[in-house]
Structures are given as structure tokens and as C-alpha cells.
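Novice: Okay, here's the prediction I keep looking at, along with the sequence it came from:
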Amino acid sequence: MSSIYTTNIFQKFQGEILRIPSCNAVHIQQEGDKSTYLVKQLVMKTNGEKRLKDYRVIWNGSDKVSCICGLFGFNGYLCRHAMVVLFVVGVYEIPSHYILKRWTRDAKIVDICNGVEDSGPEFVVKCFSDLRADSIKLAEEGSISKERYKATKAFLKDALIKVTSMNKVPVTVPKKNSKEANLVT
């Protein structure tokens, strides 16, 4: 995978690979071609305490695997839980549809959101996906500490006001004493 993925994505993917030994898959249900596995992962807490965490993974019997953790949907590469199930069912290579072209070394960078197109369903879907990926990164960084959270929250509030005002749509910002004061509207 190091020759396929970009360096950044490969490092993240490698983090999943390195955690595979902490996982164990147990087949729990069969419905036709669909198999359900319970993947137990040994998790080390910051205080040194160990505990098991369960993840439900579904294998469709041919080439589709789906984990409850949703890592593939959020980040675009398979999680350790799904890969453990792939190994259990005898699949030792990542199926090609789980290698997103945008994360590969030979992907051509075509940024439709900054291109000539500025409307239509493809434009909206690609821009939404791009913004969602950036939002997730922002949420990850913003949730590390109280200070970062407050800065991120203020930034999001300001950004929403700025973006919605571009369409001349009034934005209501809740008062501090409101029950919804923590929401950006």
C-alpha cells in the first residue's frame, strides 16, 4: 500500500495495520451470504487500564465489508476491524473499491469546487464531501482541549454568519442565556 497511497494516507492506514494484533474476530451470525462478526479490540486507556471494545463488522460473502466504526466512510481507508474480518474470510488484499483514487499517488488533482463549474449535482456532492472532510479534521483538532474547542466554536460561528450572509439570508445567533447557546445556527 505504500506504493499506492500518498505518504500522508499511508501513514494513517499503517496506524490501522499496526493495531490489527489488538483485534480478534468472532463469527456471530449468518444470513444467506451475509456474515456478521464481532471484533473485539483490546484498548489501553490513558491510565494504563485495559478493556475490550466491541465492533460489529458485516461481510457480504464476496467483496464488501462494513464496520460500525465508519472509518472508511469518514476517512476513505479501511479500519483495522474490517481488515481483521477480511483476513478471517481469506481475503489478503484490499479490494480495489476500498482504495479511493483521491488518496493514491497517481490521482490527478482536479478540484471541481474551484473550477469553472459552479452548480449542478456533481458540484454540490464533491464540494460537500470536500468540506465534510475538512470539517472532520477541524473537529478532531478542536476537541483536543477546552481552549481549542472554544476557538473552533467561535470560528465556526463566524464562518456560518459570513457564508449565509453571501446569500442575503439572515442568520440568527442565539443569546448567551438561551438553551441553544451552544449551537451555531
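Specialist: Structure received.

Novice: Pull the contacting residues for Phe74.
Specialist: Ile136 (C-beta atoms under 8 Å, 6 or more residues apart in numbering). Every C-beta, even on glycine, is put in place using the N, C-alpha and C of the backbone.

Novice: For the closest residue to Gly76 other than its chain neighbours, give me the pLDDT.
Specialist: Leaving aside its sequence neighbours, Gly76 sits nearest to Leu100 (C-beta to C-beta, 6 or more residues apart in numbering; 4.5 Å). Here the pLDDT value assigned to Leu100 is 86.

Novice: Could I get the full set of helices for the protein?
Specialist: Here the chain has its helices, by DSSP state H, at 7-18, 71-75, 80-88, 121-142, 146-165.

Novice: Lys40: which of those helices is closest?
Specialist: Nearest to Lys40, of all those, is helix 80-88, at 9.5 Å by C-beta to C-beta.

Novice: Report the angle between the closest one and helix 7-18.
Specialist: If you take axes from the mean of the first three to the mean of the last three C-alpha atoms, to 10 degrees, helix 80-88 sits at 60 degrees to helix 7-18.

Novice: what about helix 80-88, distance to the chain center?
Specialist: Mean-position distance between helix 80-88 and its chain equals 17 Å (C-alpha atoms, centre = their mean, to the nearest Å).

Novice: So which elements touch it?
Specialist: Judged by 3 or more C-beta pairs under 8 Å, 6 or more residues apart in numbering; DSSP states H and E, the packing partners of helix 80-88 are helix 7-18, strand 23-31, strand 34-44, strand 50-59, strand 65-67.

Novice: Give me the mean pLDDT for it.
Specialist: 96.

Novice: Which residues does it contact?
Specialist: 16-17, 19-20, 22-25, 27, 37, 39, 41, 55, 57, 59, 65-67, 69, 71-72, 78, 92, 94.

Novice: Buried ones among these?
Specialist: Using 16 or more other C-beta atoms under 10 Å as the burial test, those include 16, 19, 22-23, 25, 37, 39, 41, 55, 57, 59, 65-67, 69, 71-72, 78, 94 as buried.

Novice: most centrally placed residue in the protein?
Specialist: Residue closest to the average C-alpha location in the chain (C-alpha atoms, centre = their mean): Phe74, at 1.8 Å.
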